[in-house]
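Trainee: structure for this input, please:
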Amino acid sequence: MGPGGLTIVRPAPLLDLADMLARDDIPLGLRKFGLGPLKLAQLQRQLGQSWGYEIGGRILVCCGLIPVPAQDCLEAWFACRPEAAPHMLAVARAAQLTLLAGADDALVVARVAVGWRPGERLARAVGLTPGAAAGGEREWWWRKT
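Mentor: Model prediction:
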């Protein structure tokens, strides 16, 4: 069991991830694929690392890292259920540990909609640094030091 009573499940459970993607906006980094939630969830698991965070016996968060060879980085993505909100500090701590273990020395890039305060708070809590904004989104960067 991880920080705040979280259990990390690898890979992210396919049906939980598809459900989160169907209920919510598809994360910015995954929109480029133009797929429905189930196909996108399957593709995500094929392209990179994924994990889910179980809290109270239920998967409330799914996230992952997808290699982007053309940019020599890993792209981070995140999806959650509304019930995860009270657990975001524990989620951020677990994400830090997961990045330390899973990103090696790669640059990690996450895209957050400009002005979306929950995403910005989570990015800061995980330790990402804000970068340039373009097209309604801001890149956030992280590298193991």
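Trainee: CA atoms for contacts and neighbours, from now on please.
Mentor: Will do.
Trainee: and the strands in this structure, which stretches?
Mentor: Counting by DSSP state E, the segments of the chain that form strands are 7-9, 49-55, 58-68, 73-80, 107-113, 129-134, 137-142.
Trainee: and the ones you listed: which comes nearest residue 119?
Mentor: Evaluated with Cα to Cα, these place strand 107-113 nearest to residue 119, the distance being 6.0 Å.
Trainee: how about that closest one: buried residues?
Mentor: When neighbours are counted by 16 or more other Cα atoms under 10 Å, the buried residues of strand 107-113 are found to be 108, 109, 110, 111, 112, 113.
Trainee: rewinding a little: mind putting the strands of the chain in JSON lines, mean pLDDT included?
Mentor: Rendered in JSON lines, the data for the strands of the chain read as follows (pLDDT from 0 to 100):
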{"stretch": "strand 7-9", "mean pLDDT": "91"}
{"stretch": "strand 49-55", "mean pLDDT": "91"}
{"stretch": "strand 58-68", "mean pLDDT": "91"}
{"stretch": "strand 73-80", "mean pLDDT": "88"}
{"stretch": "strand 107-113", "mean pLDDT": "91"}
{"stretch": "strand 129-134", "mean pLDDT": "93"}
{"stretch": "strand 137-142", "mean pLDDT": "93"}
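Trainee: distance to residue 41 added to those, as TSV?
Mentor: TSV is the format used below for the strands of the chain (distance: least, Cα to Cα, whole Å):
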stretch	distance to residue 41
strand 7-9	15
strand 49-55	10
strand 58-68	10
strand 73-80	11
strand 107-113	18
strand 129-134	26
strand 137-142	22
